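> I would like to see how this sequence folds:
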Amino acid sequence: NNLIVSNNQFTNYVGVIFHVSGTTSLNNFSFINNKCFDDGTNLALERRAINLQKTYSNITISGNSFNGFDRGISFTAAPTVKNITINENKFYSLSGRAIGIFGATDAIISNNIISDINTSYDVSNFNSTNYKTYPISNALAGIVFGSSTNMTIENNIFDNIHSSAIVSTDLLSTNISIKSNRAKLVNSLFVTGSTGTVVSNLTISGNYVEGTTWTFGGVSVQDTDKAIIKNNTFKGIMHNGIDFFRNTNGIITDNIITAGFISGVDHKAITFSNSDGIFAKGNVLDGYSSVAGNYNYFFDDTKNFEGHIDRFIGWNSTALASNVRVYFNSNNVPLGVSDKKYAVGSIITNDNNTGGIPNGEATSWVCTSEADPSTWTASGNIGFRSISGTPVGFQTPITTYEVIFDSTNKRWFKATGATNVDWVLISQQKNFIT
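Numbering: from 1, shown residues only. Predicted coordinates for the structure are as follows:
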């Protein structure tokens, strides 16, 4: 209890500098302002600066530097850790991960600098097919966590990490916030594990990633519930900006994703696969539509989706999309979305009339057939169109039952069909007062 290790210099220790194992519990421990260095002489041993196991509470690791180790800080053997703070440390030239934390409750990892991790790996081997599964071992990331509750990872700087900056393992974690971190020269900012429910209540917000030729993703999130990805900037991404796979109840809003140099196809700014209950709005996507076969949004077996999205949409045509409501700046059923297989009742809504000027455009299209492609029927109008003269023989109705105003003769017409002759006079104003 009440142990403080501070203001020391540790150089080339064999094995681990500070190690607690067995049945030992550690309470009120501080490791502060120490300099820890290893030049790699003892390569036969796993070199960790701090290795903690079992039960801990009230741990502070702050203001230290860790240089040249395999791992910087490791909480291993499925410990129970409460109230931990890891902040303002510097991690340089590590061959493994900087921080590994498991079994934590109420943890804050903030304002650390993590640089030059696993640089021995040749990043030229990266390609668009392996970026989500690399690294083979999660030990190679900047920060790795699992089985944790109420954890905040914020205001950290990641630089030149030949893997992902942050990784969540397959162990369930809840209430995780990843915010306001900056990363460059990384494979991706954040990836989750590959099986089972990985994270519940995950928020990724306000982060900035500056990509390079081997930055293949912004974030890859799968098997999560209640994930929020908002207000992030992913710049120069070589493959997918946001991967959303097997997630439920997710929100993706107000992110900026810019593609790097893209050759070939199958690049997407945001993907939704096998997900349920997703809302998307306000995302700014640039560069993904420059090559045919690439998309701003791509959907595969996703249902209960609502979003304000734009052109360049891709969809797995063999998968049925159910209960989908999308908003477009368009007066036509947008191709690339409407030409796929939807469940009856799905809605495409016209989001074009943001200026509030009545123009008679259809307000929405409703799916009335699950054929491939589906059948859509226009519904409603935004205000009404005003024209000079009769619409009969000249104006094609936007929707059946559209109402149009002849401003020259002060007359109202209503559509009864789909052609320019399907108009009937319904009223005429007399003594019109302007």
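
> Now residue 394. Nearest residue, chain neighbours left out?
residue 420 (6.0 Å; Cβ to Cβ, 6 or more residues apart in numbering). Placement of C-beta: from N, CA and C, glycine included.

> who touches the one you found in this structure?
Residue 420 is in contact with 391, 392, 393, 394, 395, 396, 397, counting by Cβ atoms under 8 Å, 6 or more residues apart in numbering.

> before we move on, which element is it in?
Using DSSP states H and E, residue 420 maps to neither a helix nor a strand.

> JSON lines please, covering the contacts of residue 420 and showing secondary structure and neighbour count.
JSON lines is the format used below for the contacts of residue 420 (DSSP: H, G, I helix; E, B strand; the rest coil; neighbours: other Cβ atoms under 10 Å):
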{"residue": "391", "secondary structure": "coil", "neighbour count": "22"}
{"residue": "392", "secondary structure": "coil", "neighbour count": "14"}
{"residue": "393", "secondary structure": "coil", "neighbour count": "9"}
{"residue": "394", "secondary structure": "coil", "neighbour count": "11"}
{"residue": "395", "secondary structure": "coil", "neighbour count": "19"}
{"residue": "396", "secondary structure": "coil", "neighbour count": "12"}
{"residue": "397", "secondary structure": "coil", "neighbour count": "25"}
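
> Please state the backbone phi and psi of the nearest residue to residue 25 once chain neighbours are set aside?
Closest residue in space to residue 25, ignoring its immediate chain neighbours: residue 55 at 4.4 Å, by Cβ to Cβ, 6+ apart. With angles defined as degrees, to the nearest 10, residue 55 sits at phi -120, psi 130.

> separation between the residue nearest to residue 394 and residue 189?
54 Å (Cβ to Cβ, to the nearest Å).

> now swap in residue 408 and tell me
Residue 408 is 60 Å from residue 189, by Cβ to Cβ.

> Neighbour count: those two, which is higher?
Set residue 408 next to residue 189 and count neighbours by other Cβ atoms under 10 Å: residue 189 wins out with 26 against 11.

> Contacts for the helix or strand containing that one, please.
Taking DSSP H and E as the definition, one finds residue 189 inside strand 182-191. Strand 182-191 is contacted by residues 123, 126, 131-132, 134-135, 142, 156-168, 178, 181, 204, 207-212, 214-221, 232, 234 when judged by Cβ under 8 Å, 6+ apart.

> Now residue 268: closest residue in space that isn't a chain neighbour?
Going by Cβ to Cβ, 6+ apart, residue 268 has residue 298 as its nearest residue, at 4.3 Å.

> Tell me the strands beside the helix or strand the one you found falls within, with direction?
Using DSSP H and E, residue 298 falls within strand 295-300. Strand 295-300 has the following strand partners under DSSP bridges: strand 268-273 (parallel), strand 313-315 (parallel).

> if I read this right, residue 220 contacts residue 243, doesn't it?
Yes - in this structure, residue 220 is within contact of residue 243 by Cβ atoms under 8 Å, at 4.0 Å.
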